[in-house]
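Participant: Sequence and predicted model, in that order:
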Amino acid sequence: MRNIIFFVGTGLLLVAAAFAVDEKPKQPRAAEAKGPNTKSSTTAAPRRKGAANEPAEPDEAAGRQPSIRVDTNLVLINVTVTDPLNRFVTGLEAEHFKLFEEKAEQRIATFASEDAPLSVGLVFDASGSMGAKLQKARLAAAQFFKTANPDDEFFLVQFNDKPELIHPFTTNTEEIQNRLTFTQAKGRTALLDGIYMALHQMKKARNTRKAVLVLSDGGDNSSRYTESEIKNLVREADVQIYAIGIFEPASARSRSAEELAGPGLLNEIAEQTGGRHFPVENLNDLPDVAAKIGIELRNQYVIGYVPNNTTRDGKYRRVQVKINQPRGLPPLRPFWRQGYYAPAQ
């Protein structure tokens, strides 16, 4: 068995080759005498250099897209695994996972743990309430970009009263950081419209792995689209959404109803896609949290299966991932996309 390695905070990047699973599932092997390696130091991944659009009309979103990438009948799911200390766990094998669709267990057909190229959209809050937080938010974006690889591509959507595509897809992260330098905080918060624009822009992505990072300090008070519309769109999109919510400390909750609803909204949207929401109260924590998200995207398993239910009915199917607990390790927790729409044709 390959060594199982933990990553603390912005831990070291590990890349494993993809491999297909045998017809018969492997039996768990006894733990090796060496035991798991634990990485307690933090090492960033290699650093690399790196037109206003209105949101499309609602009927454009009606064309349903699969929420998980489907190649013929193969469904692929990205899975992140963490331990009780929220450290990433790599080095697991296919035998450590069980996968269910609508409560029926599925046979794992392919399994990989690799750092594949990413297409990422940064959705940046430039509303008036972000004034004192802008500099730390820029630093957070810079730390996230440090985890980029040469084949990654990025775009920038900025929002206040309405969303705006500041920079389309580029492999040069410095271009995006330069545009953020001129960001000014003003206006209201069209968070939902910003997410919609990012998902629409993601249709132009050249990489199969896609993610959106939202940096915002509150709820929505200026969007055309409703929570229900965005939640439905998120379920249909093959995009992981990560969110950093920049909130006031609990002792200073003088926020509007929309802002109070912000954490719950970001959490629900993110978890539905297999991403995560990281609430931040201390601005000094922003860069480390952003870097952690970048490293998490580099330490995911990709599990493929051919559904037992081959009916092409276009219906939403719920997916569940469980861990076959390895010997000698603390309880592990998986994060994954919670479902997908079956093909209609």
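Facilitator: Thanks, I have it.
Participant: OK, contacts around Phe145?
Facilitator: Each residue near Phe145 by Cβ atoms under 8 Å, 6 or more residues apart in numbering is listed here: Gly50, Phe154, Thr173, Ile176, Gln177, Gly294. All C-beta atoms are positioned from the backbone trio N, CA, C, and that covers glycine.
Participant: Rebuild the residues you listed as TSV, extending it with secondary structure and pLDDT.
Facilitator: TSV is the format used below for these (DSSP: H, G, I helix; E, B strand; the rest coil; pLDDT from 0 to 100):
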residue	secondary structure	pLDDT
Gly50	coil	40
Phe154	strand	98
Thr173	helix	96
Ile176	helix	97
Gln177	helix	96
Gly294	helix	95
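Participant: so, if you compare those, which one comes nearest to Ile108?
Facilitator: If you rank these by distance to Ile108 using Cβ to Cβ, Gly294 comes first, at 27.3 Å.
Participant: Find the nearest non-adjacent residue to the closest one, please.
Facilitator: Leaving aside its chain neighbours, Gly294 sits nearest to Thr147 (3.1 Å; criterion: Cβ to Cβ, 6 or more residues apart in numbering).
Participant: same check, this time on Asn284
Facilitator: Leaving out its chain neighbours, Asn284 is closest to Lys136 (Cβ to Cβ, 6+ apart), at 7.3 Å.
Participant: element containing that neighbour?
Facilitator: Taking DSSP states H and E as the criterion, Lys136 maps to helix 134-145.
Participant: chain center to that helix: distance?
Facilitator: 17 Å (Cα atoms, centre = their mean, to the nearest Å).
Participant: can you map out the helices along the chain?
Facilitator: Ranges of helices in the chain, per DSSP state H, are 58-61, 134-145, 173-181, 191-201, 227-236, 257-272, 286-297.
Participant: how much space between Lys292 and Lys210?
Facilitator: Per Cβ to Cβ, to the nearest Å, Lys292 is found 19 Å from Lys210.
Participant: The two - which one has more neighbours?
Facilitator: The residue with more neighbours, out of Lys292 and Lys210, is Lys292; 26 against 23, by other Cβ atoms under 10 Å.
Participant: Below-threshold pLDDT in the stretch 101-250 of the chain: ranges please.
Facilitator: Low-confidence regions of the stretch 101-250 of the chain, defined here as pLDDT under 70, cover residues 249-250.
Participant: For Glu57, give me the pLDDT.
Facilitator: Note for Glu57: predicted pLDDT of 48.
Participant: mind starting the numbering at 32 from now?
Facilitator: In the new numbering, first residue 32, that becomes Glu88.
Participant: Ala321 reaches Ile277, doesn't it?
Facilitator: No. With contact defined as Cβ atoms under 8 Å, Ala321 does not count as touching Ile277 (11.1 Å).
Participant: List the residues that are in contact with both of these two.
Facilitator: Leu246.
Participant: Nearest residue to Glu136 in space, please, no chain neighbours.
Facilitator: Residue nearest to Glu136 in three dimensions, not counting chain neighbours: Lys129, with 6.4 Å by Cβ to Cβ, 6+ apart.
Participant: And the strands in the stretch 82-231 of the chain, which stretches?
Facilitator: Taking DSSP state E, counting those that start in this stretch as the criterion, the stretch 82-231 of the chain contains strands spanning 101-102, 105-113, 119-121, 128-132, 135-137, 139-144, 149-156, 184-190, 194-201.
Participant: packing partners for the third one?
Facilitator: Using 3 or more Cβ pairs under 8 Å, 6 or more residues apart in numbering; DSSP states H and E, the elements in contact with strand 119-121 are strand 36-38, strand 105-113.
Participant: Mind doing that once more with 6 Å?
Facilitator: strand 36-38 (3 or more Cβ pairs under 6 Å, 6 or more residues apart in numbering; DSSP states H and E).
Participant: pLDDT of the strand it packs on, averaged?
Facilitator: Average pLDDT, strand 36-38: 46.
Participant: With stretch 359-376 instead?
Facilitator: Averaging pLDDT along stretch 359-376 gives 92.
Participant: cool, stretch 311-318 as well?
Facilitator: On average, stretch 311-318 scores 92.
Participant: got the contact list for that stretch?
Facilitator: Stretch 311-318 has contacts (Cβ atoms under 6 Å, 6 or more residues apart in numbering) with Lys167, Leu170, Ala171, Gln174, Ile275, Ile277, Phe278, Pro280, Val320.
Participant: Of the residues you listed, grab the buried ones for PyMOL.
Facilitator: Buried residues within these, by 16 or more other Cβ atoms under 10 Å, are selected in PyMOL with:
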select buried, resi 167+170+171+174+275+277+278+320
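Participant: so where do the strands sit in the stretch 232-376 of the chain?
Facilitator: Going by DSSP E, counting those that start in this stretch, the stretch 232-376 of the chain shows strands at 240-247, 271-277, 308-311, 332-336, 347-354, 364-367, 370-372.
Participant: Distance from the fourth one to the middle of the chain?
Facilitator: Read that as strand 332-336. 16 Å.
Participant: just the shortest one next, same as before
Facilitator: Using Cα atoms, centre = their mean, we find the averaged C-alpha position of strand 370-372 to lie 16 Å away from the chain's own average C-alpha position.
Participant: One more: the third one?
Facilitator: From the chain centre to the centre of strand 308-311 is a distance of 13 Å (Cα atoms, centre = their mean).
Participant: Mind exporting the C-alpha coordinates of that strand to PDB?
Facilitator: What follows is strand 308-311, C-alpha atoms only, in PDB (Å, rounded to 0.1, in the frame of the first residue of the first chain):
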ATOM      1  CA  HIS A 308     -17.000  27.500   2.800                       C
ATOM      2  CA  PHE A 309     -14.400  29.000   5.100                       C
ATOM      3  CA  PRO A 310     -15.800  31.800   7.300                       C
ATOM      4  CA  VAL A 311     -13.100  34.200   8.400                       C
END
